[in-house]
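1. okay, here's the prediction I keep looking at, along with the sequence it came from:
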Amino acid sequence: MFFTPRDSMPMRACPLVFLGLFAWPLAAQPATHPCAGVAETSARLACYDRAFPPSPEVIEAAGQQAEAAFGLDAPRNIGQVSGAQEPERIDSTVTRIDHGGGGRRSFHLENGQVWMQTDSGGGQMRTGGMVQVRKALLGGYQLVMPSGLSVRVRRVR
């Protein structure tokens, strides 16, 4: 049988079949990255962040999230940006102080955090005063008042 160029549909399909035969082995191989072989979660994330650095906006947002979570007992987000470290301290203004039993106080801060005093004592504190909440040496946190006095605290909200 004789085919004219108009009737040569089988000849047009040949290049597609030919390309498909060579592309099939490539498609069958899984795409991997060296970081995919790192077993430990945070090390794998750090590997990917080195290979594909996050934008400055992402790093800034991760820093803001770390500051907002400062002092909470919740586990850290596995998907957080590598290199975004929890701050060692925060500075804020006291907006309200609630006095509880046993000489314990709750400090409501301007940033929305609420810290409960865990030990008795401490100095005078008034609303409007600037405080610093920092990590304590043996774990936990301490709220440092402008006078330099400090009380041990834990974050409740």
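-> Great, that's in hand.
2. domains for this structure, by residue range?
-> Domain assignment for the chain, taken from automatic domain parsing, gives 1-85, 89-155.
3. and those, which one's lowest on average pLDDT?
-> Ranked by mean pLDDT, the domains of the chain end with domain 1-85 at the bottom, a mean of 70.
4. hmm, Thr118 is touching Gly140, no?
-> Yes. Thr118 lies in contact with Gly140 (Cβ atoms under 8 Å); the separation is 7.4 Å. Heads up, the C-betas are built off the backbone N, CA and C, glycines and all.
5. am I right that Arg96 is in contact with Gly128?
-> No. Counting by Cβ under 8 Å, Arg96 stays clear of Gly128, with 10.2 Å between them.
6. strands along this structure, start to end?
-> For the chain, the strands defined by DSSP state E occupy 89-99, 105-109, 114-117, 130-135, 141-144, 150-155.
7. now render those as JSON lines, adding distance to Pro56 and mean neighbour count.
-> Listed next are the strands of the chain as JSON lines, based on distance: least, Cβ to Cβ, whole Å; neighbours: other Cβ atoms under 10 Å:
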{"stretch": "strand 89-99", "distance to Pro56": "22", "mean neighbour count": "14"}
{"stretch": "strand 105-109", "distance to Pro56": "27", "mean neighbour count": "19"}
{"stretch": "strand 114-117", "distance to Pro56": "31", "mean neighbour count": "20"}
{"stretch": "strand 130-135", "distance to Pro56": "26", "mean neighbour count": "17"}
{"stretch": "strand 141-144", "distance to Pro56": "29", "mean neighbour count": "20"}
{"stretch": "strand 150-155", "distance to Pro56": "28", "mean neighbour count": "19"}
